[in-house]
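Q: mind looking at a prediction? Sequence and model below.
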Amino acid sequence: MENNDIKLYTVVIYTRNQTGLLQQFTNIFTRQNLDIWSLFASPSEIGGCHKLTIETKGPENRVKLAVKQIERKIEVMRSFYYCDEELVESTGKKKMEPLEW
Amino acid sequence: MSRAFFIATSGRPGPVVLDFTKNAQLGLTESDYHRCSFIDSYNPLPAPSPKKIADAVSLIDSARKPLVVYGQGIILSGAEKELEAFLDKADIPAGSTLLGLSALKSDNPHYKGMIGMHGNIAPNVKTNECDVLIAIGMRFDDRVTGVVSQYAPQAKVVHIDIDASEIGKIIPVEVGIRGDAKNVLKILTEKIAPASHKEWNASFDEPYNVEYEKVIKPEISPDEGAVRMGEVVATVSKVTGGDAVIITDVGQNQLIGARYSKFNSTRSLISSGGLGTMGFGLPAAIGAKVAVPDRPVCVFVGDGGLQMTLQEFGTIMQENIGVKIVLMNNNWLGNVRMWQDLFLGKRYSQTRMVNPDYMKIASAYGIKARRVSAREELEEAVREMFADNSPFLLEVMVVEESNVLPMTPPGKGIDKIMLNEKEWYSNGK
């Protein structure tokens, strides 16, 4: 089962750069009542693919739902979320894997 | 444009907003239409995860009191036969949401009625007794669940939906399978072991019998008083043999229309569901009749809702569309009046209706019409309405102040059911 304690999560979104995307992302976070703690957008190492990294604090079920809705409502390539421990682990042992739903 | 149509017609179909600027409407351009077949991160037909399927199979095989609740996803996916085969093999009783109605025939032995606020008692009460709840193509709308924390707290939930963002949104799930209902049901039916749940299935009879005696019988075959909405709907079902496409507007006509209509084939109920848009019925019926001109199409509408899209009589006249309009006139906005009666101390506000003469309105549009006030005339009038394929308005003057029951009042669990203003359902009483 999910742990629904309030924690800091990192949401990573890969997308093609299109006008108006940021507003659509922030709408979804607002509807889930999730604060955005930091936001960073840049081109990624893959040509034509941009990466957004959003830090947000909230319970896992709402972060997970926001990520599902990003993939459903907005044209992105993929979207993922991680908590801090997973990010640290991923650099050493574990590969970053998309969630299975 | 092609992307809009791709999204609107695939996966979980639905509306797409297209916004055309003035210059795009008036300008000239070369048109070269390419059908869209791919959008990033949008998978209209996701393959179900084999691990999740295996988890669901083991839950279903070990269940002693399983219950299926299904919604419009079955109809959209064309999974009616697959659902029937699944229920037959696993011997599982099933309840339908409002929009799932007609996916199973009304006389299917596994079909136990409609779930939700104004649904049937048996599937609602049994939701809170089952050990495994299998939800297919439905979204746990608030009318279905009542208070969420009191909805099936004892059950392990298997949720099958094509839209990943619906899974786990309202009700926490044990197993969530993302996939098309038809595909998932086919795989599940192959993998589950045949089972028999005779006693569990039979336990649905007793709440049904209570509902029949206390609610259904007085509604569809009352001995005296003015005509009741239930008997109008039951008479239409009797005359059409359950073959008509039933459209409902919004309000008491919708709830009664859904509760007492019988269905012989799928895609036979069209309702705006949770959207609750009064005035939906008449235009929807026109659309349905154009789509299936050979089937009888009958819309149940109230005196409040009809006047919201009354101008569509013009379309019916112009195109001669053979829609059968059953106006159940109680001179109230009945559903709102009911809530004011039950929960707001009968402080009626803005719900009384003064109605025009609908016979004159119909005659102005050249639509055949008849008004019925007496029970004895009802069946004959309904037969007259369905005698040919031309448009017809049947106005039935029904009981002015009547409530749609049974009902799970707002703010209560789905198994707390009012039988009438004084009695509550509890363990077979």
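A: Ah, there it is.
Q: residue of the stretch 201-350 of chain B with the smallest distance to chain A?
A: Shortest the stretch 201-350 of chain B-to-chain A distance, computed as Cβ to the nearest Cβ: residue-wise this is B:G274, at 17.7 Å. Where C-beta positions appear, they are placed from N, C-alpha and C, glycine not excepted.
Q: find the residue closest to that residue in space, skipping its chain neighbours.
A: B:D141 (5.2 Å; Cβ to Cβ, 6 or more residues apart in numbering or on different chains).
Q: cool, B:A63 as well?
A: B:V132 (3.8 Å).
Q: roughly how far does the residue of chain A at minimum distance from chain B sit from A:E75?
A: Chain B sits closest to A:K68 of chain A, with a gap of 3.9 Å, by Cβ to the nearest Cβ. Taking Cβ to Cβ, to the nearest Å as the measure, A:K68 falls 15 Å from A:E75.
Q: neighbour count winner among the two?
A: Taking neighbours as other Cβ atoms under 10 Å in any protein chain shown, A:K68 and A:E75 compare with A:K68 leading, 23 against 16.
Q: confirm the more buried one sits in a helix?
A: Yes: under DSSP: H, G, I helix; E, B strand; the rest coil, A:K68 falls within a helix.
Q: surely the residue nearest to B:G274 touches B:T97?
A: Yes: assessed by Cβ atoms under 8 Å, B:D141 is found in contact with B:T97 at 7.1 Å.
Q: surely B:A90 is in contact with B:E190?
A: No: using Cβ under 8 Å, B:A90 is not in contact with B:E190, being 11.8 Å away.
Q: show me the contacts for residue 57.
A: Went with chain A since none was named. A:6-9, A:34-35, A:37 (Cβ atoms under 8 Å, 6 or more residues apart in numbering or on different chains).
Q: my bad, chain B
A: B:188, B:191-192.
Q: please list only the buried members of the residues you listed.
A: Neighbour counting by 16 or more other Cβ atoms under 10 Å in any protein chain shown classes B:188, B:192 among those as buried.
Q: give me the subset of the contacts of B:V57 lying in helices.
A: Among these, DSSP state H puts B:188, B:191 in helices.
Q: what about chain A, any weak spots by pLDDT?
A: A:1-3, A:88-101 (pLDDT under 70).
Q: one more pass at 90, please.
A: A:1-5, A:16-20, A:44-48, A:61, A:71-75, A:78, A:83-101 (pLDDT under 90).
Q: strands along that one, start to end?
A: A:7-15, A:35-43, A:50-58, A:78-83 (DSSP state E).
Q: ok, chain B next?
A: B:66-70, B:94-96, B:111-114, B:132-136, B:156-161, B:175-178, B:245-248, B:269-270, B:297-302, B:324-329, B:368-372, B:392-397.
Q: all the helices of the stretch 201-350 of chain B, residue numbers only.
A: Under the criterion DSSP state H, counting those that start in this stretch, helices of the stretch 201-350 of chain B are mapped to B:205-211, B:217-220, B:229-240, B:252-260, B:281-291, B:303-306, B:313-319, B:334-343.
Q: so for B:M114, which of those helices sits nearest?
A: helix B:252-260 (6.4 Å; Cβ to Cβ).
Q: make a markdown table from the contacts of B:V57 and add pLDDT and distance to B:Y212 to it.
A: Converted to a markdown table, those look like this (pLDDT from 0 to 100; distance: Cβ to Cβ, whole Å):
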| residue | pLDDT | distance to B:Y212 |
| --- | --- | --- |
| B:L188 | 98 | 33 |
| B:K191 | 98 | 37 |
| B:I192 | 97 | 32 |
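Q: ok, of the contacts of B:V57, which one's closest to B:K368?
A: Within the contacts of B:V57, proximity to B:K368 (Cβ to Cβ) peaks at B:L188, which comes in at 49.6 Å.
Q: these two touch, right, that closest one and B:A85?
A: No: counting by Cβ under 8 Å, B:L188 stays clear of B:A85, with 9.9 Å between them.
Q: between the two, what contacts are shared?
A: Counting by Cβ under 8 Å, 6+ apart, no residue touches both B:L188 and B:A85.
Q: bridging residues for A:G58?
A: A:G58 forms beta bridges with A:K7, as assigned by DSSP bridges.
Q: what's the spacing between B:S149 and B:G413?
A: Taking Cβ to Cβ, one finds B:S149 at 8 Å from B:G413.
Q: and the closest residue to B:E82 other than its chain neighbours, how many neighbours?
A: Leaving aside its chain neighbours, B:E82 sits nearest to B:L185 (3.9 Å; criterion: Cβ to Cβ, 6+ apart). Per other Cβ under 10 Å, the neighbour tally for B:L185 reads 27.
Q: so who does B:L185 touch?
A: B:79, B:82-83, B:85-86, B:136, B:160.
Q: hang on, the earlier thing: would JSON lines of the strands of chain B with mean neighbour count and mean pLDDT be doable?
A: JSON lines is the format used below for these (neighbours: other Cβ atoms under 10 Å in any protein chain shown; pLDDT from 0 to 100):
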{"stretch": "strand B:66-70", "mean neighbour count": "27", "mean pLDDT": "98"}
{"stretch": "strand B:94-96", "mean neighbour count": "28", "mean pLDDT": "98"}
{"stretch": "strand B:111-114", "mean neighbour count": "23", "mean pLDDT": "98"}
{"stretch": "strand B:132-136", "mean neighbour count": "26", "mean pLDDT": "98"}
{"stretch": "strand B:156-161", "mean neighbour count": "25", "mean pLDDT": "98"}
{"stretch": "strand B:175-178", "mean neighbour count": "23", "mean pLDDT": "96"}
{"stretch": "strand B:245-248", "mean neighbour count": "28", "mean pLDDT": "98"}
{"stretch": "strand B:269-270", "mean neighbour count": "22", "mean pLDDT": "98"}
{"stretch": "strand B:297-302", "mean neighbour count": "29", "mean pLDDT": "98"}
{"stretch": "strand B:324-329", "mean neighbour count": "26", "mean pLDDT": "98"}
{"stretch": "strand B:368-372", "mean neighbour count": "18", "mean pLDDT": "98"}
{"stretch": "strand B:392-397", "mean neighbour count": "23", "mean pLDDT": "98"}
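Q: for A:G48, find the nearest of those strands.
A: So among the strands of chain B, strand B:175-178 is nearest, using Cβ to Cβ, at 28.1 Å.
Q: quickly check: that closest one near chain A or not.
A: Yes: Strand B:175-178 lies within reach of chain A by Cβ under 8 Å from any Cβ of the partner chain, at B:176, B:178.
Q: what is that strand packed up against?
A: helix B:50-62, strand B:156-161 (3 or more Cβ pairs under 8 Å, 6 or more residues apart in numbering or on different chains; DSSP states H and E).
Q: return the set of buried residues in the longest one.
A: What that stands for is helix B:50-62. B:52-53, B:55-57, B:59-60.
Q: next, format those as TSV and append distance to A:K64 and pLDDT.
A: TSV is the format used below for those (distance: Cβ to Cβ, whole Å; pLDDT from 0 to 100):
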residue	distance to A:K64	pLDDT
B:K52	16	96
B:I53	21	97
B:D55	18	97
B:A56	20	98
B:V57	25	98
B:L59	22	97
B:I60	25	97
